[in-house]
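A.B. asks: Curious how this folds, go ahead:
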Amino acid sequence: MNGPAPRMRIDYAGENFERRYCRAPHATFSDEALLEREWLATNAAGGYASSTLAGVPTRRYHGLLIAALPVHGRTVMLSHLGEELLFADGTHVRIGGEEHADGLEFDAAPLVEFRIDRGLPIWRYAVGDIVIEKHVLLVYRQNTVHVGYRLAEGSQALRLRLSPVLAFRPHDAPLEAQSAREYAFAREGQARWSFTSDGFPPLNVAIAGKASDFVVDAIADVPLHYRMEAARGYGATQAVLRPGYLDVTLAPDAPHALFIASTEPWEAAGAIDALHAADTERERCSRLLRQVPVSDATTAELVIAADAFVVTPAWRVGDVARGHAAGVHSRSIIAGYHWFTDWGRDTMISLEGLTLVTGRQAEAHDILCTFAEHVRDGLIPNLFPEGRESGLYHTADATLWFFHALERYVAWTGDVAIVRQLLPHLRDIVAAHLAGTRFGIGVDAQDGLLRQGADGYQLTWMDAKVGDWVVTPRRGKAVEINALWYNALCLMTQWVREIGEDAAAAEAISAHAARARTAFNARFWCAERGHLYDVVDGENGEDDAACRPNQVLAISLKHPVLARERWTSVMHVVEQKLLTPYGLRSLAPGHPDYKPRYFGDLKARDAAYHQGTVWAWLIGPYLDAWRKLHGNDKAGARRLLESLVAHLGDAGVGSISEVFDAEAPFTPRGCIAQAWSVAEVLRCWFETR
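C.D. replies: The predicted model follows:
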């Protein structure tokens, strides 16, 4: 990183906490420091706003309004705003910026501070004795963004020129496939305008403050360049439209201005009290914090980070309608920003940390019921594709994680009624796995272990695929799949016995569990290496002795399948070969397929995705297993979380990344905000308080 990095501090006082990046005295932020860190705001409907601290879009996913729309899914509507301060003496000062093929247009000098106040990103710019404060707010459960400006210091009036930059494209659409789009412009009344383009809802724009009319001055821009897309091997330029500008006056007697953009009808977007919307959002976040016994800044920051992932997907209109009819809310969990939708596996792993730890039991209940309604052939969806109503089911473990999530919900809430409600689904799931279901998922009648595998599919969480290449197919009997299967059978035995009142059925399920446990301990123990095989009875009958983190689940789950006398050996190997300050490596160094860095184009990245790359979420299962061996050593457990907590100030500021390089300096990679990373760190931090 060139030049001085931002100084960071956290100010915390009860519900009020802020993460601040302050310019050092007599220095400026470096461009790279501001371009490497990103911010994120969300709307609980799947929509979001995000960019760099510099205000320069570096990804195709960056924008001030990525709206969650039926049919389209998440759609970039407002890319960014050109922002320029115009002073009476003719001086023009640009804040924010953008990048073109011929260079970066950005000056860090005016920026003196960036902070996040209960999830609200705020910038302070200083020019002479003038200080301007700016914030970005996504209205809760609306596709509406507010960009607010305030003259915080200074005695002279100035004009702020705002130039909206429009995109109107699916947020993950390849940029090279996006041609220049035609737009129509209309005035909708006093300080209101709209922009339309075929196939998309209108983008309604309004301004609150002393503003001029919108000046139509359409510019065929030099295409924007997105450096992160180029680094990731994707098309990196995009044609956008800068349709014109408007000027708003900021003065001591009129210090506020608010730019509003929305895909909602005027009646809905205008129903929000614009001048107090930011205070309303802060109060909503404060209520979230009051639901948790928060006593430190880390807990508070993680609770606010968790809020970004709990959503009612706006594009699944059918789910919403069915939920209303059944008296529940359709809810889910976005797996990661910017590009993931909701995934079954990620949702079930994340449920405890994101909803139960944070006091959001009602949301947890609704999430479980929503996924239960999507059970097909004994499976819950692997994922819901962008903008689509129905899910894809190619997963061997998501359904088994469903049992784990349900058990955690009942343990936290005591709500056994939900088990009675879902018991028919649970019975169907167990029966389908015993008989065999899609994708080769089924119990081997010879030993009671669960196998999986189908050509062209990646069915475990190690699911990278490039074209027809499944990088880690792991077909056969995978270690974590069987740990999850045993855990599910044990839980099912308990529920059928206590709630189903069917003693014979409970005993039959218990017998399946006992058989699986016996076979597991006979087949998966690799005595010569002191750890567990990753897969046994593979495609060609072979056993895979690669040292991977999946074996930790044989110890960490509520009902551990691995014999107690082997725990110490397994955990010692995992600690020596896989543990890093940011989670567990997905493959031990020394293996021929080991990759120390996760970078490059899609093929290079997916080749490394589960071949060494560190996954933050795995710190949760690791600590669950570690604490079974180390008892109540909360201080020791907290030490294992220190680097991940410090990471809240890097990459996606205020959140935790998806993955990290396998070796120092453990550069963060992948999504800047990942649900199960946040969930597992929050859960473990809470449990070791």
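A.B. asks: show me the contacts for Trp401.
C.D. replies: The contact partners of Trp401, by C-beta atoms under 8 Å, 6 or more residues apart in numbering, come to 344-345, 348-349, 484. C-beta here means a position set from N, CA and C on the backbone, and glycine is covered the same way.
A.B. asks: do the same with Lys134
C.D. replies: Per C-beta under 8 Å, 6+ apart, neighbours of Lys134: 83, 95, 122-125, 147-150.
A.B. asks: Which of those residues sits closest to Val136?
C.D. replies: Proximity of these to Val136 was ranked by C-beta to C-beta; the top entry is Val147 with 5.5 Å.
A.B. asks: show me where pLDDT drops low in the chain?
C.D. replies: Scanning the chain with the threshold set as pLDDT under 70 gives 1-17, 24, 26, 179, 219-221.
A.B. asks: picking up where we left off before, would you mind writing the ChimeraX command to select the buried ones in the contacts of Trp401?
C.D. replies: In ChimeraX, this line selects whichever of the contacts of Trp401 come out buried by 16 or more other C-beta atoms under 10 Å:
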select :344,345,348,349,484
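A.B. asks: just curious, which of the contacts of Trp401 is nearest to Tyr21?
C.D. replies: Tyr21 lies nearest to Ile349 out of the contacts of Trp401, by C-beta to C-beta, at 31.1 Å.
A.B. asks: if we can go back for a sec, ok, of the contacts of Trp401, which one's closest to Asp377?
C.D. replies: Closest approach between the contacts of Trp401 and Asp377, by C-beta to C-beta: Gly344, at 13.8 Å.
A.B. asks: Pretty sure Arg60 sits against Leu175.
C.D. replies: Yes: counting by C-beta atoms under 8 Å, Arg60 touches Leu175, with 5.5 Å between them.
A.B. asks: These two: who's more crowded?
C.D. replies: Arg60 (29 against 19; other C-beta atoms under 10 Å).
A.B. asks: all strands for the stretch 351-500 of the chain, in order.
C.D. replies: Ranges of strands in the stretch 351-500 of the chain, per DSSP state E, counting those that start in this stretch, are 442-443, 450-451, 465-466, 469-470, 477-478.
A.B. asks: Let me know which of those strands is the nearest to Thr280.
C.D. replies: Among the strands of the stretch 351-500 of the chain, strand 465-466 comes nearest to Thr280, with 43.3 Å by C-beta to C-beta.
A.B. asks: List the contacts of the residue of the chain most remote from its centre.
C.D. replies: In the chain, the residue that sits farthest from the middle, by C-alpha atoms, centre = their mean, is Asp89; the gap is 46.1 Å. For Asp89, no contacting residues are found, by C-beta under 8 Å, 6+ apart.
A.B. asks: Can you classify it by secondary structure?
C.D. replies: coil (DSSP: H, G, I helix; E, B strand; the rest coil).
A.B. asks: for the chain, what's the longest helix?
C.D. replies: helix 503-523 (DSSP state H).
A.B. asks: ok, and what's touching that one?
C.D. replies: Against helix 503-523 from outside (C-beta under 8 Å, 6+ apart): 430, 434, 443, 447-450, 477, 482-483, 485-486, 489-490, 492-493, 496-497, 500, 533, 536-537, 543, 554, 559, 561-563, 566.
A.B. asks: do that again at 7 Å, thanks
C.D. replies: Contact with helix 503-523 is made by 430, 434, 447-449, 482, 485-486, 489-490, 492-493, 496-497, 536, 561-563, as judged by C-beta atoms under 7 Å, 6 or more residues apart in numbering.
A.B. asks: what do you get for stretch 655-670?
C.D. replies: Stretch 655-670 has contacts (C-beta under 7 Å, 6+ apart) with 40, 305, 308, 336, 580-583, 585, 595-599, 612-616, 644, 647-648, 650-651, 671-674, 677-678, 681.
A.B. asks: Among the contacts of helix 503-523, the buried ones, what's the ChimeraX command?
C.D. replies: Buried subset of the contacts of helix 503-523, written as a ChimeraX selection, criterion 16+ other C-beta under 10 Å:
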select :430,434,447,448,449,482,485,486,489,490,492,493,496,497,536,561,562
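A.B. asks: Just the ones in helices from the contacts of helix 503-523, please.
C.D. replies: Counting by DSSP H, the contacts of helix 503-523 place 430, 434, 482, 485-486, 489-490, 492-493 in helices.
A.B. asks: Next, the nearest residue to Ala308 once chain neighbours are set aside: phi, psi?
C.D. replies: Nearest non-adjacent residue to Ala308, counting by C-beta to C-beta, 6 or more residues apart in numbering: Thr42, 4.4 Å away. Phi and psi for Thr42, reported as degrees, to the nearest 10, are phi -130, psi 170.
A.B. asks: Count the neighbours of Thr42 for me.
C.D. replies: 23.
A.B. asks: Overlap of the contact sets of Arg60 and Leu175?
C.D. replies: Common neighbours of Arg60 and Leu175, using C-beta under 7 Å, 6+ apart, are 229, 238.
A.B. asks: Just to check, Ser197 is in contact with Gln178?
C.D. replies: No: in this structure, Ser197 is not within contact of Gln178 by C-beta atoms under 7 Å, at 11.9 Å.
A.B. asks: Can you show me the helices along the stretch 101-250 of the chain?
C.D. replies: With DSSP state H, counting those that start in this stretch as the criterion, the stretch 101-250 of the chain has helices at 227-231.
A.B. asks: what does the stretch 501-650 of the chain give?
C.D. replies: 503-523, 553-556, 567-577, 602-608, 619-630, 634-639, 642-646.
A.B. asks: Could you list the residues in contact with the fifth one?
C.D. replies: Helix 619-630 is contacted from outside by 552-553, 555-556, 567-568, 571, 574, 579, 583-584, 636-637, 640-641, 644, 680-681, 683-684, using C-beta under 7 Å, 6+ apart.
A.B. asks: Perfect, that will be all.
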